[in-house]
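Enquirer: fold the following and give me the result.
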Amino acid sequence: MIRALLASLLLVLGGCAATGQPEPSPAAEVTTDGEVAIPADLVITSPRICAALAVYELADHDDWGLRGTIAATALNGFRAADRVPNCATGVAVALTAGFSPRRWQDALDAVDAVANGSYPVPDACARATAVLPLSVVSADSPSAARAHCVIYDLAFVGDAP
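Expert: Numbers count the residues shown, from 1 in each chain. This is a model prediction of the structure:
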């Protein structure tokens, strides 16, 4: 009887091994211009991460006010658009090509400080929903009329007051 039970058990186990689960197919990848490969189905729409990416990419100076204003502007832009765009490609590129852990942490800290209210953005910049290079904003352009403030070489623009 024990032999029959063992034989049955081996047949069952052998059958499971022979009909095991198929190997998962590798995820399709997308390669960016900078040769960074990321999974095609990677989606990052976290306001914190996407705003930190904006700070990481745009804050060329070690200036807390600049980082905080970029963070607030990005968060305002997400609220105004009622969505956060997929920033997966930008994050993948930023975190691989010349990545600076200190700059990334500074960017996250700025977003957190603005989001939790511990860093109030200057009133003149508080309504901005987009950041443009100052060189793009000419005196007679529509964006000049919407410029709320300028920090270094960046204009923070939004709806006219």
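Enquirer: identify the residue spatially nearest to Arg48, adjacent ones excluded.
Expert: If you skip the residues right next to it in sequence, Arg48 has Val111 as its closest partner in space, 5.4 Å away by CB to CB, 6 or more residues apart in numbering. (C-beta placed from N, C-alpha, C; glycine too.)
Enquirer: help me confirm that the one you found is found in a strand?
Expert: No. With DSSP: H, G, I helix; E, B strand; the rest coil as the criterion, Val111 is located in helix rather than a strand.
Enquirer: unless I'm mixing things up, it is touching Thr73, no?
Expert: No. Judged on CB atoms under 8 Å, Val111 makes no contact with Thr73 at a distance of 11.1 Å.
Enquirer: so which bits of stretch 77-92 are buried?
Expert: When neighbours are counted by 16 or more other CB atoms under 10 Å, the buried residues of stretch 77-92 are found to be 77-78, 84, 87-92.
Enquirer: name the residues that touch it?
Expert: With CB atoms under 8 Å, 6 or more residues apart in numbering as the contact definition, stretch 77-92 has outside contacts at 30, 32, 36, 38, 42-47, 49-51, 53, 57, 129-130, 158.
Enquirer: one more pass at 7 Å, please.
Expert: Outside of stretch 77-92, the residues within contact range by CB atoms under 7 Å, 6 or more residues apart in numbering are 32, 36, 38, 42-45, 47, 49-50, 53, 129-130.
Enquirer: with stretch 100-111 instead?
Expert: Contacts of stretch 100-111 with the rest of the structure, by CB under 7 Å, 6+ apart, involve 48, 51-52, 55-56, 67-68, 71.
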